[in-house]
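J.: Have a look; sequence and predicted model below, questions after that.
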Amino acid sequence: QYQLVESGGGLVQPGGSLRLACTASGFSLDVYGVGWFRQVPGKKREGVSFSHPSDGTTNYANTVRGRFTISRDNGENTVYLQMNNLEVEDTAVYYCAAGHPSLVLLPDEYDYWGQGTQVTVSS
């Protein structure tokens, strides 16, 4: 059974940091592209970041570039999203997904999804 589980969400003040984790079971993330997405009620799911499985390529949405960093720990079968200098506009449910996408920040390109973790940025 392929499963992705996100963790690390929570409440943080503007300017603070969180690290999200996406851990896979039943398959190895080291052969899959992994994306992080976020969604707020009433809006489409938005691509945030992507990690290529083998060549080290990473991609970021313009809204998070320079503040968020995606990384992998293949030994832990986990992909992380380090989020720094968080803004109120970053508040959303964050999802990770695995697949072999061509358009790496497009949700439709992914095969497996986690259940999401809430990130709330508020003073």
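T.: Ah, there it is. All of these numbers come straight from a predicted model, not from anything done at the bench. Residues are numbered from 1 along each chain as shown.
J.: So which residue is dead centre in this protein?
T.: In the chain, the centroid-proximal residue (CA atoms, centre = their mean) is Trp36; its distance is 2.3 Å.
J.: Wait, it touches Val64, no?
T.: No. Counting by CB atoms under 8 Å, Trp36 sits too far from Val64 to count as a contact (9.1 Å). All C-beta spots, glycine's among them, are computed from the backbone N, C-alpha and C.
J.: Overlap in contacts, the two.
T.: By CB atoms under 8 Å, 6 or more residues apart in numbering, Trp36 and Val64 have these common neighbours: 48-49.
J.: partner residues bridging the residue nearest to the centre of the chain?
T.: Under DSSP bridges, the beta-bridge partners of Trp36 are Ser49, Cys96.
J.: now do Val5
T.: The partner residues for Val5, given DSSP bridges, come to Thr23.
J.: And for it, the neighbour number?
T.: Neighbours of Val5 under the rule other CB atoms under 10 Å: 14.
J.: That one and Cys22: what is the separation?
T.: Distance of Val5 to Cys22, given as CB to CB, to the nearest Å: 7 Å.
J.: Quick check: neighbours shared by those two?
T.: Gly114.
J.: who's in contact with Ala98?
T.: Listed by CB under 8 Å, 6+ apart, the contact set of Ala98 reads 4, 24, 27, 29, 32-35, 110-112.
J.: pLDDT added to those, as CSV?
T.: Supplementary listing: these in CSV, determined by pLDDT from 0 to 100:
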residue, pLDDT
Leu4, 97
Ala24, 97
Phe27, 95
Leu29, 94
Tyr32, 95
Gly33, 96
Val34, 97
Gly35, 97
Tyr110, 96
Asp111, 95
Tyr112, 96
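J.: Sort out which of these are buried, if you could.
T.: Buried members of the contacts of Ala98, scored by 16 or more other CB atoms under 10 Å, are 4, 24, 29, 32-35, 110, 112.
J.: out of the residues you listed, who's nearest His52?
T.: Each of the buried ones among the contacts of Ala98 was scored against His52 by CB to CB, and Gly33 proved nearest at 5.8 Å.
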